[in-house]
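1. Show me how the following folds:
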Amino acid sequence: MWFNKGTSPNNMKKLSELSAMIEEGLQSLSYPTTAATLYNPIRYTLDSGGKRLRPTLVLIAANLYNEDIQAALKPALGIEMYHNFTLLHDDVMDKAPTRRGRPTVHVKWNENQAILSGDAMEGLAYQLIAEAPPRVLKNVIDTFNLMNQEICQGQQFDMEFETRDNVTIDEYIEMIRLKTSVLLGRALQIGAYIGQDKQYGNLSDIGVNRYEWLDRDIETLFLFGTSLGLAFQLQDDWLDCWGDPKTFGKRIGGDILENKKTFLRLTALANAPEPSTEGMSEQQKIETYKIYYKKTGAEKACRLAIANYHQEALQALKKMSMPQPKLRLLKEIAAKLEKRNK
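-> Coordinates of the predicted model:
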């Protein structure tokens with residue numbers, strides 16, 4: 001079959017190689033000299049590190065089909081630029097004081113600067129995404145635009161939930177799917193389109209629909225990414241209570257203090273009324289809710305949901321059109337995310 005002509009398992013890039021490509025690419029980005037101070041918050045944001053998960057997924061997906069993944073690098077950087085843009089604006093809306101252990105942009109500068117530099121980041125992201133190969137450029141741009149719309153929809157739901165008292169767990173899952181998970185799924189799809197670029201031109205010798213296997217992989221990678229993203233976000237909910245403050249990068253208990261409707265809180269509410277915390281200090285309120293989450297079974301339910309979505313992601317990979325050894329890096333990333341503490 002055609003897919004055996006792609007990258008062999010032994011020639012897949014290592015995670016360390018992909019990380020080096022991404023960091024070198026980010027460091028080599030050039031910014032306009034006009035209104036140069038506009039770009040200082042962008043440099044600050046990108047220099048703060050992070051997992052670089054999303055650009056890594058772009059490169060891995062491209063590598064599944066092509067040993068040469070250079071064509072996927074700039075779009076991968078575009079995905080990272082876009083992701084950090086969403087975080088920058090999200091921090092403004094949440095009035096978050098820190099991100100990755102450092103002051104957020106709106107704290108270090110001001111809200112207007114954060115919004116404007118974020119807008120510039122989104123424009124830079126589009127420029128990088130547009131560097132995709134011409135033959136698959138429309139697919140890549142369409143996927144990126146759809147992702148942008150989905151994330152905005154998720155953010156809208158998140159804001160609406162702040163004033164609603166009847167949010168269901170299913171609604172919460174759909175919100176985090178749109179706001180967080182689709183970015184992982186679309187990153188994989190964009191990488192796959194770029195990796196498949198040359199495949200589109202040499203399928204005339206096989207007796208099946210020339211796009212059947214490619215299209216199936218595109219949808220399967222999205223399912224893997226969104227399932228992984230749901231596990232990732234639910235892990236964030238759990239870490240907000242029980243993470244290590246030295247590694248988590250955000251204040252432990254932040255969601256509790258902000259009265260956010262997380263999976264833990266919604267699950268607990270379905271089983272018992274919320275505890276009274278009137279007159280308590282912030283730390284006492286956090287500890288009270290952690291006990292509440294354990295007693296109501298919410299903590300256990302959250303851990304179970306994380307494991308279930310992780311397994312759902314791995315099951316999706318079994319539908320891919322290639323030998324399973326080629327999917328080693330995706331499985332490795334899934335395992336790391338399930339056990340992460342930051």
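2. switch to C-alpha atoms for all contacts and neighbour counts from now on
-> OK.
3. in terms of contact count, name the helices or strands touching the strand or helix carrying Lys290.
-> Assigned by DSSP states H and E, Lys290 belongs to helix 282-295. If contacts are counted by 3 or more CA pairs under 8 Å, 6 or more residues apart in numbering; DSSP states H and E, helix 282-295 sits against helix 254-257, helix 263-269.
4. mind listing the helices for the stretch 101-250 of the chain?
-> 105-108, 111-129, 137-161, 169-176, 182-195, 212-242, 245-248 (DSSP state H, counting those that start in this stretch).
5. Could you check how far the fourth one is from the centre of its chain?
-> Right, the one you point to is helix 169-176. 16 Å (CA atoms, centre = their mean, to the nearest Å).
6. and that helix, what does it pack onto?
-> So helix 169-176, by 3+ CA pairs under 8 Å, 6+ apart, packs with helix 137-161, helix 212-242, helix 263-269.
7. any low-confidence regions in this structure?
-> For the chain, applying pLDDT under 70 flags the ranges 1-8, 10, 198-212, 249, 342.
8. coming back round to it: as TSV, the helices and strands packed on helix 169-176 with mean neighbour count and distance to Trp109 would be great.
-> TSV is the format used below for those (neighbours: other CA atoms under 10 Å; distance: least, CA to CA, whole Å):
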stretch	mean neighbour count	distance to Trp109
helix 137-161	17	23
helix 212-242	22	26
helix 263-269	22	33
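9. Include distance to Glu122 when you put the helices and strands packed on helix 282-295 into JSON lines, please.
-> Conversion of the helices and strands packed on helix 282-295 to JSON lines gives the following (distance: least, CA to CA, whole Å):
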{"stretch": "helix 254-257", "distance to Glu122": "27"}
{"stretch": "helix 263-269", "distance to Glu122": "30"}
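10. Tell me, how many residues neighbour Thr316?
-> No Thr there; residue 316 is Ala. When neighbours are counted by other CA atoms under 10 Å, Ala316 registers 18.
11. Next one: the closest residue to it other than its chain neighbours relative to Val105, how far apart?
-> Sequence neighbours aside, Phe224 is the residue nearest to Ala316 in space, at 5.5 Å (criterion: CA to CA, 6 or more residues apart in numbering). Remark: distance between Phe224 and Val105 (CA to CA, to the nearest Å) = 32 Å.
12. which residues touch Pro97?
-> Asp91, Pro103, Thr104, Val107 (CA atoms under 8 Å, 6 or more residues apart in numbering).
13. any idea how far the closest residue in space to the last one that isn't next to it in sequence is from Gly191?
-> Leaving aside its chain neighbours, Val107 sits nearest to Pro97 (6.5 Å; criterion: CA to CA, 6+ apart). Separation of Pro97 from Gly191 (CA to CA): 33 Å.
14. cool, Gly101 as well?
-> Going from Gly101 to Gly191 by CA to CA gives 30 Å.
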